[in-house]
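>>> Sequence first, then the predicted structure, then my questions.
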Amino acid sequence: MNKRFILTVLLFLVCLSGCVGNDSMPDRLINKSEDEIIDEIAAMPDNDIDIGFSSLVIAKGYYPEIDIKKYLSQLDTMARELKEKIGNENNPEEIITIINQYLFETKNIRMSSQTLTEAYKNEAKEAFLNNLLDTGIGNCTAMSALYLALAERLRLPFYTARIPDHVFIRYDDGKFKRNIETTDHGKEGNDAFYIKFAENNLGTGKLVEDDIKYYKLLENESKKSFLEGLLRIRAKVRYNDGNKKEAYNDWQKTIKLSDNLGATYAHIAIELSYFVNEKNNDEALIWINKAIEVSPQYYLFYQYRGRIYDAKNDLENALRDCNKAIELNKSQPVSYRARARIYEKKKDYDKALADIEKEIELMPDTFSPHFGRALLLWRKKEYNESLKELKVVIEINPDYAMAYYMNGLIYKETGESEQAISNFEKYLKLAPDGQYAKTVKDYIKELEAPK
């Protein structure tokens, strides 16, 4: 046989395999149980993991009826279509543009949830890859899984990267690096954008150097870490569905995949204390204690434990941990906020105000500490000062409904009915289904009633 012909065939096969990805992992593992697959993933080199297959295995644990082979075939088809569109293009910027156009224009991949509350509520529908492939709708986790699954089939150097409560995609070939925001049609965002996004939009407070280093924020993430995050989502969803035993099994699997046990333990504690419907602060304490045992010098774990004690109304232990967090890191404003909340519960408003003012000093352009100060001034019945602070809140964030609610309360208490009604109506416009919507409607009726 002609040697040139043989070489051509071999090159074609290499090219084809580069398009459809490494199919040895699905072929070898698809008939095994999820427990066996997770154990193998935990033991294998990161480069050998097929993120598309692994994400679908986790999805099948929640949606047992899905056909993984069908979705793998869909991924392979999409990869071949992209391969054809990319052709001989080797400019990273052009490749990113082609992929973004294909996903967000041709395939109309999109995110439906517009707020964090909606995103948490819709995680069961939006976090899993099968639903994204079926509907085109997903959150940052599902979109990242799809982007990465296609990239690995095309042998392209894409990774996931994280900030708190958010994952995004990054192209990084060692020479050219670009962050890609899948929830905004592949828009570019530099690292500074993501830090600001976390601080201002996700309510994480200031991201200090300790946080970025400890949680490996903004770094290229391993596939195991991505899958750990997906399992954490499934655990939370299962817990909220009432399947607590399955949720705990999922958390045990996150431990197997973890390359940062302290962080993994802390994530479990936070889920149990904050993000599940039926809070379990006693169990959360067990996990956060494990995190502190692993990382006794990381300030944030003491802050987390302080919040858990606060939720249990154990104010002395909460105060002790907040003090420890501040001792370890004096530049994190949220630690001062947490301590201020404890002082507020103890009705020591002056100490609470001192901590809030320290938070403002560290984050002067963020509205939440100014709102905290306004609330404390209102509790002290210093209404004029509270109104001044609320004006600052609205200047920074004119769509923050609670600022108008507080304005309304103050004007109601000072007998300025028209101003109170105006602010209450503004609250209802911004938060028609908000926590205080019914209360506000009752207030408006009371203020409009003939005297």
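Here it is on my side, so go on.
>>> Just want the most central residue of this protein.
residue 165 (1.5 Å; Cα atoms, centre = their mean).
>>> Now it. Its backbone dihedrals?
With angles defined as degrees, to the nearest 10, residue 165 sits at phi 70, psi 20.
>>> Residue ranges in the stretch 1-150 of the chain under the pLDDT threshold?
Along the stretch 1-150 of the chain, the parts satisfying pLDDT under 70 run over 1-23, 115-116.
>>> for residue 264, what are its contacts?
228, 254-255, 258 (Cβ atoms under 8 Å, 6 or more residues apart in numbering). C-beta here means a position set from N, CA and C on the backbone, and glycine is covered the same way.
>>> Let me know the helix or strand that it is in.
According to DSSP states H and E, residue 264 maps onto helix 261-270.
>>> from the chain's centre, how far out does that helix sit?
Relative to its chain's centre, helix 261-270 lies at 14 Å (Cα atoms, centre = their mean, to the nearest Å).
>>> what helices or strands is the helix or strand following it leaning on?
Next in sequence after helix 261-270, counting helices and strands by DSSP H and E, comes helix 281-294. Contacts defined by 3 or more Cβ pairs under 8 Å, 6 or more residues apart in numbering; DSSP states H and E place helix 281-294 against helix 261-270, helix 299-311.
>>> Now tabulate those in JSON lines and tack on mean pLDDT and distance to residue 334.
Formatted as JSON lines, the helices and strands packed on helix 281-294 follow (pLDDT from 0 to 100; distance: least, Cβ to Cβ, whole Å):
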{"stretch": "helix 261-270", "mean pLDDT": "96", "distance to residue 334": "13"}
{"stretch": "helix 299-311", "mean pLDDT": "95", "distance to residue 334": "7"}
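>>> residue contacts, residue 149?
21, 50-52, 55, 75, 129.
>>> what's the distance between it and residue 260?
Applying Cβ to Cβ, to the nearest Å, the value for residue 149 to residue 260 is 24 Å.
>>> do residue 143 as well
24 Å.
>>> More neighbours: the two, which one.
residue 143 (28 against 16; other Cβ atoms under 10 Å).
>>> tell me the mean pLDDT over the helix or strand harbouring residue 353?
Element membership for residue 353, per DSSP H and E: helix 349-362. Across helix 349-362, the average pLDDT comes to 95.
>>> mind listing what's buried in that helix?
For helix 349-362, a neighbour-count test (16 or more other Cβ atoms under 10 Å) marks 349, 352-353, 355-360, 362 as buried.
>>> From the chain's centroid, how far away is that helix?
27 Å.
>>> next one: the helix or strand just after it to chain centre, how far?
For helix 349-362, the following helix or strand on the C-terminal side (DSSP H and E) is helix 367-379. Relative to its chain's centre, helix 367-379 lies at 26 Å (Cα atoms, centre = their mean).
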